[in-house]
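**Student:** Have a look at this prediction, sequence included:
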Amino acid sequence: MSRSGAVAALTARLLDVALDEERLLACLTEAVQSELPDRAVTAALDPATVPASFTAVPLVVHGRRVGALAVQPPLSARDAAFVQALAVVASAALEHGRALAATLSLLDDARRQSDLLDAISDAVVSCTAENVIDSWNAGAERLYGYPAGEAIGCDLFALLDTTCSTEDGDDVGPRQVLDDLEAHGRWSGELRERRFDGAPLTVLSSVSTLTAPDGSRGGFVYVNRDVTEQRLQEHAAAHDPLTGLANRRHLVHRIHDAAGRVHRGGGPMAVLFLDLNGFKPVNDRYGHAAGDEVLIGVAQRILATVRTADFVARVGGDEFVVLLEQIGAPDRIPPVLERLLAAIAEPVLLPGGDTVSVTTAIGVTIVESLEDAAVDPERLIKLADEAMYRAKQSPDRIAYSG
């Protein structure tokens, strides 16, 4: 009989003598509610009809009475002690049964959670506090190509050759990511990684800190979404397919951002417009393939001449624009212009073995003041373009707008 009064099990023999059901339930209830867990309650059942009686012993689990064990016929003191011992065994069996049921329930919950993680298309990876992988869902297997058995136990960043950048596009080291997690508990950004076959990947990553029961950092969980194709499409939309330089659309956005920095006190900037001299004869004599080689070579020389923080774009057939940011002072611009003129004038070796030479003229627009920074980017490009046409007539091939 359970604590609630429901009869859980009743033998046929006890039913035979339990003609007075009301008295039977009353006695069992007394056994369940007995203040003494080892107390045996003995009662006669309708002695006028059936000369029988039974002994009921409470069943106790974790100090709580959960039911009663009823035995018929009347018992001697020795037998009653045996029944009490049997009740202890039955209580233990109930306790173990409940613990097993709870364990099975937890395992079932864990299985459902695992199935849910595997159904997610994103890669979900949990790591220890040392960033060593300790779980790897099916989404991670699909994205990276490593089965869970190979990935678990490896350092996450080392396995995937990971480099990181913030949501603002600033490159940061893996150590900085872990430090930010330590300080703030969360990190979001972009990871550039490699699959098991070496193919490059770009993923959006959201990382959270796991907290141990004692409140200490217990590790991290990464939720990574593949954006490789999206980034390739974005790059193609913003770059010149021949030289790999930014295109005009990308340049306009970059000038707009740079002007904002000037407005916030970030120092002057300059827009340089370059147009090649002697390029058309190369195309006419050697063909477009040779002309393409010249354009690629010029693009590489410009990139090698300016700072990595500067921005280079191809805006026309043989026209290039260089954006110099945070130059400090306008007097730093002329040395850059001289280096560009010299680098571009160097002969270009064509695939057939011939060498050709081209030169350039450079128009310059400088943005120093808040008023200048408010000028539309297209207007700044146009001013530099107009200055470039004047530079073509100048002996030093350089001219400034304004």
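**Tutor:** Yep, it's here. Small disclaimer: the values here were computed from a predicted structure and weren't measured.

**Student:** Only the buried residues of stretch 360-378, if you could.
**Tutor:** T360, A361, I362, G363, V364, T365, I366, V367, D372, A373, P377 (16 or more other Cβ atoms under 10 Å). Where you see a C-beta, it was placed from the backbone N, CA and C, and this is true even at glycine.

**Student:** what's the first-to-last distance across it?
**Tutor:** Length of stretch 360-378, first residue to last, Cα to Cα, to the nearest Å: 22 Å.

**Student:** for stretch 336-353, same thing?
**Tutor:** 30 Å.

**Student:** List the buried residues in that stretch.
**Tutor:** Judged by neighbour count (16+ other Cβ under 10 Å), stretch 336-353 contains these buried residues: V336, L337, L340, L341, A343, I344, V348, L350.

**Student:** for stretch 239-256, same thing?
**Tutor:** Going by neighbour count (16+ other Cβ under 10 Å), the buried part of stretch 239-256 is H239, D240, T243, L245, A246, N247, R248, H250, L251, V252, R254, I255.

**Student:** Tell me which of the buried residues of stretch 336-353 fall in strands.
**Tutor:** Using DSSP state E, V348 are the members of those that sit in strands.

**Student:** ok, the buried residues of stretch 336-353 vs A313, which is closest?
**Tutor:** L340 (14.3 Å; Cβ to Cβ).

**Student:** wait, isn't that closest one in contact with V322?
**Tutor:** Yes. Contact criterion Cβ atoms under 8 Å: L340 and V322 qualify, at 7.5 Å.

**Student:** Run through the helices of the chain in chain order.
**Tutor:** 12-17, 21-33, 77-119, 138-144, 148-151, 156-160, 174-184, 228-238, 248-263, 279-286, 288-305, 333-345, 370-373, 377-391 (DSSP state H).

**Student:** which other helices and strands contact the last one?
**Tutor:** Just to be clear, that refers to helix 377-391. When contacts are defined as 3 or more Cβ pairs under 8 Å, 6 or more residues apart in numbering; DSSP states H and E, helix 377-391 packs onto helix 248-263, strand 269-277, strand 359-367, strand 398-400.

**Student:** Make CSV from these and add mean pLDDT to it.
**Tutor:** Converted to CSV, those look like this (pLDDT from 0 to 100):
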stretch, mean pLDDT
helix 248-263, 90
strand 269-277, 96
strand 359-367, 95
strand 398-400, 97
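
**Student:** The ones you listed: which one's closest to G328?
**Tutor:** Nearest to G328 among those is strand 269-277; the distance by Cβ to Cβ comes to 10.5 Å.

**Student:** how about the CA coordinates for the closest one, as PDB?
**Tutor:** The C-alpha coordinates for strand 269-277 follow below in PDB (Å, rounded to 0.1, in the frame of the first residue of the first chain):
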ATOM      1  CA  MET A 269      43.900  61.800 -45.100                       C
ATOM      2  CA  ALA A 270      44.700  62.100 -48.900                       C
ATOM      3  CA  VAL A 271      43.100  60.600 -52.000                       C
ATOM      4  CA  LEU A 272      45.600  59.900 -54.800                       C
ATOM      5  CA  PHE A 273      44.300  59.300 -58.400                       C
ATOM      6  CA  LEU A 274      46.800  57.500 -60.700                       C
ATOM      7  CA  ASP A 275      46.400  57.100 -64.500                       C
ATOM      8  CA  LEU A 276      49.000  55.200 -66.500                       C
ATOM      9  CA  ASN A 277      50.900  56.700 -69.400                       C
END
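
**Student:** What residues of it count as buried?
**Tutor:** So for strand 269-277, counting by 16+ other Cβ under 10 Å, buried means M269, A270, V271, L272, F273, L274, D275, L276, N277.

**Student:** now stretch 196-215
**Tutor:** Quick answer for stretch 196-215 (16+ other Cβ under 10 Å): L201, T202, V203, L204, S205, V207, S208, T209.

**Student:** For beta bridges, what are the partners of V132?
**Tutor:** Taking DSSP bridges as the rule, V132 bridges to D155.

**Student:** OK, contacts around it?
**Tutor:** By Cβ atoms under 8 Å, 6 or more residues apart in numbering, the residues touching V132 are G153, C154, D155, L156.

**Student:** Which of those residues has the largest number of neighbours?
**Tutor:** Of all the contacts of V132, L156 has the most neighbours under the rule other Cβ atoms under 10 Å, reaching 22 neighbours.

**Student:** Return the residues in contact with that residue.
**Tutor:** V125, C127, N131, V132, I133, T162, Y222.

**Student:** domains of this protein?
**Tutor:** The chain breaks down into these domains under automatic domain parsing: 12-115, 123-230, 239-400.

**Student:** Look at the second one and report the distance between its end residues.
**Tutor:** Criterion Cα to Cα; first-to-last residue distance in domain 123-230 is 17 Å.

**Student:** Pick the one among the buried residues of stretch 196-215 closest to R332.
**Tutor:** Using Cβ to Cβ, T202 is the member of these that lies nearest R332, at 35.3 Å.

**Student:** My read is that T305 contacts R339, right?
**Tutor:** Yes. T305 is within contact range of R339, at 5.0 Å (criterion: Cβ under 8 Å).

**Student:** show me what contacts the residue nearest to V306 when sequence neighbours are not counted?
**Tutor:** Closest residue in space to V306, ignoring its immediate chain neighbours: V322 at 5.9 Å, by Cβ to Cβ, 6 or more residues apart in numbering. Contacts for V322 (Cβ under 8 Å, 6+ apart) come out as V271, L272, L274, I302, V306, D310, F311, V312, A313, L340.

**Student:** Mind doing that once more with 10 Å?
**Tutor:** 251, 270-274, 302-303, 305-306, 310-313, 336-337, 340, 362, 364, 384 (Cβ atoms under 10 Å, 6 or more residues apart in numbering).

**Student:** And for P241?
**Tutor:** N247.

**Student:** my read: I333 touches I366, true?
**Tutor:** Yes. Using Cβ atoms under 10 Å, I333 is in contact with I366, at 7.1 Å.
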